[in-house]
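Enquirer: next come a sequence and a model predicted from it.
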Amino acid sequence: MGPPDFNDDWHALGRRLHSPSESAASGSARGTAEDRRGPLAPGAFFERLQRRLHAPAASLALVVIDIKRFHAINVAHGFVVGDQFLEMVGERLLGRLSAGDALTRLGGDEFALLLADVHDVATAVASARQVLGALLAPFVLAGRPRIVSAHAGVALGPAQGRDPRSLLQAARLALRSAKDSGVDVVAARPGQKREPVEAGAAPPRQAEPDPSLFSGRELRDAVLRGEFKVHYQPIHNLGTGHVETLEALVRWRHPTRGLLAPDAFLPAAERAGLAHVISMRVLDCACERLRHWRSRGHADLRVAVNLSAHDFRRDDFAGTVAGTLDRHRLPPSSLELELTEHEQLDDDGAISQAAELARHGVVLTIDDFGVKYSSLRYLHRLPVRALKIDRSFVRDVGESPASNSIVTALIGITGRMGLRLVAEGVEEKRQVTELRRLGCHIMQGFLFSPPVPAEEIGGYLDRAAASAA
Ligand code: C2E
Ligand code: MG
Ligand code: MG
């Protein structure tokens, strides 16, 4: 059972128990007994946030806090001490909250605070700084004192987000800026959700894809209930006329929100440490289906599974993949593993896992190729067998000379290196014509088929095989 809600009348009193100056003087905890009952579950926290955002004349601050170098604590002391440490952090933060405020742990080492009755950015930043002050005293971990520090991003609601999701996104962008610039607290600029303020802050990176509100528990329950499904999208070789590969793309059939795309939940799954479990389920499911389709007349079909760099960093990764292939009696060459190019895969452990899989015969593909600076370095360091041209180049092919030059260059590089080149995101016939004219014959996209459930792809394969014959 979650902690009880605060009485909104308190909120109406407009009583912020911690003015920044008072706090700086005393440095003491000023929360009420009720405040200290414990952090809220994320669901309850965001429900409360939503209610508060819709209250008349609402004004509040959402603060997202990230503990610096928490990973090092886990590595040095193990997960049990790591968890105890996070509990201590939670207790200290709670001790600085006022009536009407709330705290939750979003997953990993990320906490969120709702500060009630905050009306301007200066107060929000000062209040967040005051709460962070609770972490200044050393923590005693495994009998030894340890100093930690944290960053925080602050967003004012409803000015910078009328709903929890957009407010969280604004606060996270500000947090990103705080981390990039080494500043302890950064506020999102009023009215501008994309660009955080703070003089000298680094420009914002790609917008956070996931302002997801999913908690680790929700995701774990979803895994246990089997709510993650795999959809398949065909990859055509127009040179041979065959469907060469089916790309497996994970979906969450959420009980109330409907079918969710991976961007909506994978980042939360990463934070909750569940991404690998989900990836391995997708792998297992895709291999099981592939076995079925291969035995039903599509003997050379392959399946492509998307993975993250974290998957490759596990010592047992190559062994797990090999075991899955064996269990489903599939040859390694029937499996492609796609790794998005922006995932940094440059540590020795991950590279040796990739090398072992490649030696085994598994095909390693770099996805979304060309959008990040590390592209060519990847080709040099990893045993890559195929590239997928990023959709942004495919979109403009035939219309933008720059896109045509990039596609032509990639055709040249992959041809000389003996790699397969796949164009993804093909939506129009003119793109097919132009790609083929330039020399790229393997493609996937909505023009052929969107990703569809396994039950629908069997018929598609049969029809494609019949028309190729
Ligand atoms: P991706 O691997 O590059 O997958 C292609 C994405 O483009 C898919 O989005 C697909 O639905 C979409 N797409 C395909 N054809 C077209 C088209 O013609 N036009 C447009 N506009 N889009 C097209 P989806 O399924 O939302 O997946 C997004 C990303 O999530 C994937 O990008 C992949 O990086 C990641 N992902 C998907 N499944 C998994 C998984 O099981 N594990 C991991 N680690 N990542 C996954
Ligand atoms: Mg992919
Ligand atoms: Mg892609």
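Expert: Received the coordinates, thanks. The structure displayed is predicted, hence computed values, not measured ones. Ligands and ions are numbered 1, 2, ... in the order given.

Enquirer: and the closest residue to residue 68 other than its chain neighbours, what does it touch?
Expert: With Cβ to Cβ, 6 or more residues apart in numbering as the criterion, residue 68 has its nearest non-adjacent residue at 5.0 Å, and that residue is residue 149. No exception for glycine: its C-beta is placed from N, CA and C like everyone else's. Contacts for residue 149 (Cβ atoms under 8 Å, 6 or more residues apart in numbering) come out as 68, 135, 184.

Enquirer: can you select the buried ones from these in ChimeraX?
Expert: Buried residues within those, by 16 or more other Cβ atoms under 10 Å, are selected in ChimeraX with:
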select :135
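
Enquirer: quick one, strands of the stretch 101-250 of the chain?
Expert: 102-107, 110-116, 139-141, 144-146, 150-157, 185-187, 228-237, 242-254 (DSSP state E, counting those that start in this stretch).

Enquirer: need the contacts of residue 149 in CSV (columns: pLDDT and distance to residue 258).
Expert: Converted to CSV, the contacts of residue 149 look like this (pLDDT from 0 to 100; distance: Cβ to Cβ, whole Å):
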residue, pLDDT, distance to residue 258
68, 84, 37
135, 88, 39
184, 82, 39
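
Enquirer: ok, so of the contacts of residue 149, who is nearest ligand 2?
Expert: Closest approach to ligand 2 among these (Cβ to the ion): residue 68, at 32.7 Å.

Enquirer: what sits against that closest one?
Expert: By Cβ under 8 Å, 6+ apart, the contact list for residue 68 reads 148-151.

Enquirer: need phi/psi at the residue nearest to residue 68.
Expert: Here is the backbone geometry of residue 149 (degrees, to the nearest 10): phi -140, psi 170.

Enquirer: any idea of the pLDDT on it?
Expert: Looking at residue 149, its pLDDT reads 81.

Enquirer: now do residue 370
Expert: The per-residue pLDDT reported for residue 370 equals 78.

Enquirer: any idea how far it is from residue 425?
Expert: According to Cβ to Cβ, to the nearest Å, residue 370 stands 12 Å off from residue 425.

Enquirer: what sits in contact with each of these two?
Expert: By Cβ under 8 Å, 6+ apart, residue 370 and residue 425 have no common neighbours.

Enquirer: between the contacts of residue 149, which sits nearest residue 322?
Expert: Distance to residue 322, by Cβ to Cβ, is smallest for residue 68 among these, at 38.0 Å.

Enquirer: phi, psi of the closest one?
Expert: The phi/psi pair for residue 68 (degrees, to the nearest 10) reads phi -70, psi 140.

Enquirer: then the one 3 residues further on?
Expert: According to degrees, to the nearest 10, the main-chain angles of residue 71 amount to phi -50, psi -40.

Enquirer: gap between it and residue 451?
Expert: According to Cβ to Cβ, residue 71 and residue 451 sit 34 Å apart.

Enquirer: tell me which of the two has more neighbours.
Expert: The residue with more neighbours, out of residue 71 and residue 451, is residue 451; 20 against 12, by other Cβ atoms under 10 Å.

Enquirer: wait, that one sits on residue 247?
Expert: Yes. Between residue 451 and residue 247 there is a contact under Cβ atoms under 8 Å: 7.3 Å.

Enquirer: so what's in contact with these two at the same time?
Expert: In contact with both residue 451 and residue 247: 232-233, using Cβ under 8 Å, 6+ apart.

Enquirer: now do the contacts for the nearest residue to residue 92 once chain neighbours are set aside.
Expert: Nearest residue to residue 92, sequence neighbours excluded (Cβ to Cβ, 6+ apart): residue 134, at 4.0 Å. Counting by Cβ under 8 Å, 6+ apart, residue 134 touches 29, 92-93, 95-96.

Enquirer: check those residues and tell me the two furthest apart.
Expert: So, the contacts of residue 134 by Cβ to Cβ: farthest apart are 29 and 93, at 10.0 Å.

Enquirer: of the two, who's got more company?
Expert: residue 93 (23 against 16).

Enquirer: quick one: that one and residue 115 touch, right?
Expert: No. Between residue 93 and residue 115 there is no contact under Cβ under 8 Å: 11.4 Å.

Enquirer: contact residues of the stretch 251-400 of the chain facing ligand 1?
Expert: Counting by Cβ under 6 Å from any ligand atom, the stretch 251-400 of the chain comes close to ligand 1 at 261-263, 266, 279, 282, 306-308, 338, 340, 367-368.

Enquirer: ok, 5 Å please
Expert: When proximity is defined by Cβ under 5 Å from any ligand atom, the stretch 251-400 of the chain lies next to ligand 1 at 261-262, 279, 282, 306, 308, 340, 367.

Enquirer: just those: which are in helices?
Expert: Using DSSP state H, the members of those that fall within helices are 262, 279, 282.

Enquirer: please name the residues that touch the first one.
Expert: Going back to what we said before, that points to residue 262. By Cβ under 8 Å, 6+ apart, the residues touching residue 262 are 249-251, 306.

Enquirer: could you do residue 383 as well?
Expert: Contacts for residue 383 (Cβ under 8 Å, 6+ apart) come out as 354-355, 358-359, 364.

Enquirer: among the residues you listed, which lie within helices?
Expert: Using DSSP H, the contacts of residue 383 in helices are 354-355, 358-359.

Enquirer: ok, back up a step: show me which pair in the contacts of residue 262 is furthest apart.
Expert: Maximum pairwise distance among the contacts of residue 262 (Cβ to Cβ): 12.3 Å, between 251 and 306.
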